[in-house]
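**Student:** Mind looking at a prediction? Sequence and model below.
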2 protein chains.
Amino acid sequence: MEKLNDTLLYTLDKCFRTYNQFSQRNVRKAGYDITIDQWLILKSVAENPSITQNDISKIVFKDNASITRIIQLLVNAGYLNRAVHALDRRRVNLTLTESGKKITIDVNEIAKQNRAAALKNIDTEQVAQMKTLLQQIISNCHV
Amino acid sequence: MEKLNDTLLYTLDKCFRTYNQFSQRNVRKAGYDITIDQWLILKSVAENPSITQNDISKIVFKDNASITRIIQLLVNAGYLNRAVHALDRRRVNLTLTESGKKITIDVNEIAKQNRAAALKNIDTEQVAQMKTLLQQIISNCHV
DNA sequence: AATCAATAATTGATATATCAACTAATATTT
DNA sequence: AAATATTAGTTGATATATCAATTATTGATT
């Protein structure tokens, strides 16, 4: 049986988790009480004002159910408003509150710094190559 | 604010989750009622017979607490035996049961196929390069 | 218009992640 | 040897992931 940590996907796993923990730590250190996953949802709403929860779930690769619950937390925290959609009563209309807008922008700055730190000493060329490879893996998994 | 899905780490996230779901689906389809994460722990024990739970948590990048709970599930499922270590009574002695050994090997086969499918049309050279890059990111996050 | 199908979101159950607090056992220091 | 520090693991609280079942609403079919 080949060793676990020989495989690319083990390294991928490790990288993903390490980066996540690193980012989360930096957000906390800056005094923001929000998870990266919560911020990603706020950011999705900021970028796409009329987005549905279904669309969000596709953007962030999570289950619908998870989105419902995370949004509930964001509403509780005062970052999001939730209302019934005027034209389709099945849908939920999401809008950022003022503090939601603020934290989205603030954490975005930290996220930018996190990315820069994580990609230090790696040139654009390499990043582009890696993206292509990752896309290839993704499409291989969709067969 | 730059778009979410422009960043490498977004693609990394997507790739990781897509591959995970793909692997898990294939294990289920083959009739095995075990999660990839549970299997990883069985495999760690198989590879390192005298391993501690602390060591497992480092290998699979999870919290000690998570390991305790996953191991509890594996004991309940009859795949693992848990006993007090003879020389250090703080430690837990983990051994695979017969069915634990069997499922570890069976799922390993599926995992091998999953990896092959995920890495289709990607040559060894590229895989090696990507590993190096991922390692670089990991070490950047450890500063 | 009534029936049926599809869609958006929620809820329940269970597994997992993470942090903090804790217990028990062992190792180190004085 | 007693006091203290360290280590291995567990437990509680809360957030999240995933699947399946469900509700409410809208769209399509006849």
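**Tutor:** Great, that's in hand. Values in this document were obtained by computation on a predicted structure and should not be read as measured data.
**Student:** how close does the most centrally placed residue in chain A sit to DNA strand D?
**Tutor:** Nearest residue to the geometric centre of chain A (C-alpha atoms, centre = their mean): A:Leu40, 3.6 Å. A:Leu40 sits 9 Å away from DNA strand D, going by C-beta to the nearest atom of the strand, to the nearest Å. Where you see a C-beta, it was placed from the backbone N, CA and C, and this is true even at glycine.
**Student:** Can you pull out the low-pLDDT segments for chain A?
**Tutor:** Along chain A, the parts satisfying pLDDT under 70 run over A:1-5.
**Student:** Can you give me the distance of A:Ala117 to B:Ile138?
**Tutor:** According to C-beta to C-beta, to the nearest Å, A:Ala117 and B:Ile138 sit 12 Å apart.
**Student:** count of neighbours near A:Gln126?
**Tutor:** 17 (other C-beta atoms under 10 Å in any protein chain shown).
**Student:** from what I can see it touches B:Thr132, true?
**Tutor:** No - using C-beta atoms under 8 Å, A:Gln126 is not in contact with B:Thr132; the gap is 9.2 Å.
**Student:** give me the element A:Lys14 is part of.
**Tutor:** helix A:8-29 (DSSP states H and E).
**Student:** can you pull the buried residues of the very next helix or strand once past that helix?
**Tutor:** Note on helix A:8-29: by DSSP H and E, the next helix or strand toward the C-terminus is helix A:36-47. Residues A:36, A:38-46 are the ones in helix A:36-47 that count as buried (16 or more other C-beta atoms under 10 Å in any protein chain shown).
**Student:** does chain B sit close to the helix holding A:Lys14?
**Tutor:** Yes - counting by C-beta under 8 Å from any C-beta of the partner chain, chain B is contacted by helix A:8-29 at A:8-9, A:11-19, A:21-22.
**Student:** how close does A:Ala86 sit to DNA strand C?
**Tutor:** Following C-beta to the nearest atom of the strand, the distance that separates A:Ala86 from DNA strand C is 12 Å.
**Student:** would you say A:Asp93 is within a strand?
**Tutor:** Quick fix: residue A:93 reads Asn, not Asp. Yes - assessed with DSSP: H, G, I helix; E, B strand; the rest coil, A:Asn93 lies in a strand.
**Student:** gap between it and A:Trp39?
**Tutor:** Counting by C-beta to C-beta, the gap from A:Asn93 to A:Trp39 is 20 Å.
**Student:** cool, and A:Asn48?
**Tutor:** 15 Å.
**Student:** same question, A:Pro49
**Tutor:** 17 Å.
**Student:** circling back to that earlier point, can you tell me which of the buried residues of helix A:36-47 lies nearest to DNA strand C?
**Tutor:** A:Ile36 (9.9 Å; C-beta to the nearest atom of the strand).
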